[in-house]
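Undergrad: What follows is a predicted structure for the sequence shown.
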Amino acid sequence: MSMKETGVFETSNASKYLQQLCKHFAHKVEVEYDETSGRAELFSGPAIMSATPERLTVTITAEDEDGLEKARGAIDRHLEKFAFREDFKTMSWTAA
């Protein structure tokens, strides 16, 4: 049975970060995206992203907690680099 979590980052740069995440992940995994939505086939499972003018939302799916942890870590680490001007530390993750 798969598990899901959703992460939220309140930011006016959501579209920019969504595109940066997808461009970066595209070097290693299959990715589809535009300015407001994206999907990356992470090794642990899919990450579905959406951007509004106020927030970036990412829903991750994995087979177990270890997979969720790896996906959360990958997304948070990359956003920490991309959103350093906003003093980003981690998305607000909740079970979906």
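TA: It's in. Residues are numbered from 1 along each chain as shown.

Undergrad: would you list every one of the helices in this protein?
TA: Assigned by DSSP state H, the helices in the chain fall at 14-25, 65-82.

Undergrad: For the spatially closest residue to residue 40 that is not a sequence neighbour, the count of nearby residues, please.
TA: For residue 40, ignoring the flanking residues on the chain, the nearest one in space by CB to CB, 6 or more residues apart in numbering is residue 25 at 4.2 Å. Bear in mind the C-beta positions are built from the backbone N, C-alpha and C, glycine included. Neighbour count for residue 25, taken as other CB atoms under 10 Å: 22.

Undergrad: wait, residue 25 sits on residue 43?
TA: No. Counting by CB atoms under 8 Å, residue 25 does not reach residue 43; the two are 10.3 Å apart.

Undergrad: Name the stretch among the helices of the chain that sits most buried.
TA: Of all these, helix 14-25 has the most neighbours on average by mean count of other CB atoms under 10 Å, namely a mean of 19.

Undergrad: That one packs against which elements?
TA: Using 3 or more CB pairs under 8 Å, 6 or more residues apart in numbering; DSSP states H and E, the elements in contact with helix 14-25 are strand 31-33, strand 37-42, strand 45-51, strand 55-62, helix 65-82.

Undergrad: Model confidence for the residue lying farthest from the centre of the chain, exactly?
TA: Going by CA atoms, centre = their mean, the residue of the chain most distant from its centre is residue 1, 21.3 Å out. pLDDT, residue 1: 79.

Undergrad: dump the residue contacts of the residue nearest to residue 40.
TA: Taking CB atoms under 8 Å, 6 or more residues apart in numbering, we find residue 25 in contact with 31, 40, 42, 47.

Undergrad: Touching, the second one and residue 19? I think so.
TA: Same thing as residue 40. No. Between residue 40 and residue 19 there is no contact under CB under 8 Å: 11.7 Å.

Undergrad: got any residues that touch both of these two?
TA: Taking CB under 8 Å, 6+ apart as the criterion, residue 40 and residue 19 both touch residue 33.

Undergrad: and residue 56, what is it in contact with?
TA: For residue 56, the contacting residues are 8-9, 11, 14, 17-18, 49-50, 79, 91, by CB under 8 Å, 6+ apart.

Undergrad: meant to ask about residue 33, not that
TA: With contacts taken as CB under 8 Å, 6+ apart, residue 33 has the following neighbours: 18-19, 22, 39-40, 49.
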